[in-house]
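return a 3D structure for these sequence lines:
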Amino acid sequence: MKVPIQSEDDMPKTKGADAVAPSDDMAESTAAEVDSEAEERAHIEAAIRAGEEAAEKELAADAGKIRAERDELQKKLVSVGDEIESAKKEAADATDRLTRLQADWDNYRKRTAAERLAERDRATEKLVGNLLPVIDDMERAIEHANSADDGDAQMKQFIDGITAVHDKMLSVLEKEGVETIDPAGQPFDPLEHQAVGRSEDSEQYDETVAQVYQKGYRMGGKVIRTAMVTVTYGGPKRPAPKDGEPAKDGADGGATKK
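Okay, here's the model as predicted:
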C-alpha cells in the first residue's frame, strides 16, 4: 500500500505560536549524522593522503632507481667514449707507424739499389782500370809494328790481328759506358788532361794539346784516367767562345788567322 507523499506545499503550515519546534532527538540525530560525515570525510582524506604518500615514496624509489641506472649508463657511455678515443688514437698511431715503416722500407730499397749500382760501377771501373794498361801495351805494339813495317805479309797479318783484338776490346768497353779521351789538337783541360811537357809552337793557340803520350778514359761521365799530354805555348791566345757556342779552332787545331 502506497502512502502518498505530501510536498511542502501540501503540508499544513503553522504560523506564529502554532509552529512546532524540532525536538531534541532530531537535533542529536542531525549532529550525529554530521559527525559521521566528518569522520568519514576525515577517513577518506587520510586514505588519500596515505595513498599519495605511498605513491610519492614509490615514485621517489623509482626515480632513485632510474637516476642510478642513468648514472650507470652515463658512466658506461663515458667509458665507451674513452675506449673509442683510445682505439682511434691507437689506430692513428698504428697508421703513422705503418707509414713510417713503408717510407723506411722504400728508402732502404732505394738505398740498397743505389748501393748495388754503385758497387757494380766500382767493380766495372776497377776491371776497366786493370784493362787499360793492356790496351796501352797493345796500342804501343801496333804503333811500333806499323813504324817498323818492312812489307812482311806475316807481320802485317799479326798487326791486323792485334788491331782487331784492340778494336773489339774497345767496343766491349764502350758498351759499358767507357769513352776514350784522345785530345790531340784540342784545348788543354786540366780536369781531363795531365800535362807532362811543353812545346813552343807559334802556329797553335796557346795551351793546345800538341801530343798525347797516353790516352785517357772516362766512364759514365767520370774521368777514371786523365790523358798524359804535352801542351803548346808561345802562340796567340785562344779567343773566348760566345755564349752557348764552343770554341772555334782550325781544322788541325791551329790558330785561325786572317
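
quick one, strands of this protein?
Assigned by DSSP state E, the strands in the chain fall at 178-181, 193-200, 209-214, 216-219, 222-225, 227-233.

shaky segments in the stretch 151-258 of the chain?
Within the stretch 151-258 of the chain, the ranges that satisfy pLDDT under 70 run 151, 243-258.

on that earlier part again, among the strands of the chain, which is nearest Tyr108?
strand 222-225 (26.0 Å; C-beta to C-beta). To be clear about C-beta, it is placed using only N, CA and C from the backbone, and glycine gets the same treatment.

now do the buried residues in that closest one.
Val223, Ile224, Arg225 (16 or more other C-beta atoms under 10 Å).

give me every residue that touches the second one.
With C-beta atoms under 8 Å, 6 or more residues apart in numbering as the criterion, the residues that contact Ile224 are Glu125, Val128, Gly129, Val178, Tyr217, Arg218.

how about Ala32, what does it touch?
Contacts of Ala32 (C-beta under 8 Å, 6+ apart): none.

state the distance from it to His43.
To His43, Ala32 is 16 Å away according to C-beta to C-beta, to the nearest Å.

cool, Ala114 as well?
104 Å.

please apply the same query to Leu170.
Taking C-beta to C-beta, one finds Leu170 at 132 Å from His43.

give me the more crowded residue out of these two.
More neighbours surround Leu170 than the other of Leu170 and His43, with 17 against 10 (other C-beta atoms under 10 Å).

so what's that one up against?
By C-beta under 8 Å, 6+ apart, Leu170 lies in contact with Ile135, Val178, Thr180.

give me the pLDDT value at the first one.
In this prediction, Ile135 carries a pLDDT score of 91.

returning to that earlier point: of the contacts of Ile224, buried ones?
Among the contacts of Ile224, the ones that count as buried by 16+ other C-beta under 10 Å are Glu125, Val128, Val178, Tyr217, Arg218.

excluding chain neighbours, give the residue nearest to the fourth one in space.
When the adjacent residues along the chain are set aside, Tyr217 lies closest to Arg225, with 5.0 Å between them (C-beta to C-beta, 6 or more residues apart in numbering).

that neighbour contacts His193, correct?
No: with contact defined as C-beta atoms under 8 Å, Arg225 does not reach His193; the gap is 11.0 Å.
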